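Novice: I'll drop the sequence and a predicted model, then ask my questions.
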Amino acid sequence: MKIKNQLSLFIILIIIWVLLNNRFQLELIIIGFVLSLIISILFGRHIQIFNELKFTPKSFLNTILYLFVFLIELIKSNLDVARRVLTPALPINPGIIKTKTILKSKMGRMILANSITLTPGTLTVDIEDDILYIHCIDVCCEDIDKATEAIVKKFEKHLEKIYG
């Protein structure tokens, strides 16, 4: 598991390095490679969060699908919030709803909670085991199953295949 954690950290660090520098110069790539390698060797074995990550073609495909679903939900929620701001007559019904997740991994739950928080109009307030408490700009329903279906399921089906 230590090698997997170190490799995961190395890949993430090198991707972040390239994205932050926004240039493909040989010197920058070498510096990023060396720094990422040193950091991943020193600290990678102590990181437990990558233990739940699966490196399979199926999980890679589901990661791409998940990002696509997240982007669609992000656009839809942005348009909804913008419509509510531009049309003050639209009713809002803010409140906290209770939803349930089938995700077992901590990493999967964290990404689910962050995805919900990143979409405008919703904010994950708390997570207790498999229950998520979400503040919504417009509470669609009080029923836990309907709220889970409306908010959680679209993200969850891909995250379950990635993190189990």
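Specialist: That came through, no problem.

Novice: Mind telling me which residue is nearest the centre of the protein?
Specialist: In the chain, the centroid-proximal residue (CA atoms, centre = their mean) is Ile111; its distance is 3.1 Å.

Novice: isn't it right up against Glu160?
Specialist: No - using CB atoms under 8 Å, Ile111 is not in contact with Glu160; the gap is 11.2 Å. C-beta here means a position set from N, CA and C on the backbone, and glycine is covered the same way.

Novice: what are the ranges of the helices in the chain?
Specialist: Using DSSP state H, the helices of the chain run over 2-21, 26-43, 57-86, 106-118, 144-147, 153-163.

Novice: Which other helices and strands does the second one contact?
Specialist: Translated: helix 26-43. Packing partners of helix 26-43 (3 or more CB pairs under 8 Å, 6 or more residues apart in numbering; DSSP states H and E): helix 2-21.

Novice: for the last one, same thing?
Specialist: Contacts of helix 153-163 with other secondary structure elements, assessed using 3+ CB pairs under 8 Å, 6+ apart, are made with helix 57-86, helix 106-118.

Novice: Need the winner for burial among those.
Specialist: Ranked by mean neighbour count, the helices and strands packed on helix 153-163 are led by helix 106-118 with a mean of 18 (mean count of other CB atoms under 10 Å).

Novice: now the angle from that helix to helix 153-163?
Specialist: 150 degrees (axes from the mean of the first three to the mean of the last three CA atoms, to 10 degrees).

Novice: measure Leu90 to Glu142 for me?
Specialist: Noted for Leu90: a distance of 20 Å to Glu142, by CB to CB, to the nearest Å.

Novice: Quick check: end-to-end length of stretch 141-155?
Specialist: 19 Å (CA to CA, to the nearest Å).

Novice: Go through that stretch and flag the buried ones.
Specialist: Across stretch 141-155, burial judged by 16 or more other CB atoms under 10 Å covers 147-148, 151-152, 155.

Novice: mind checking how far Leu9 is from Ser105?
Specialist: Counting by CB to CB, the gap from Leu9 to Ser105 is 18 Å.

Novice: For the helix or strand of the chain with the lowest mean pLDDT, which helices and strands make contact with it?
Specialist: Ranking every helix and strand in the chain by mean pLDDT, DSSP states H and E puts helix 144-147 at the bottom, with a mean of 75. Packing partners of helix 144-147 (3+ CB pairs under 8 Å, 6+ apart): strand 95-100.

Novice: If anything else comes up later, I'll come back, but that's it for now.
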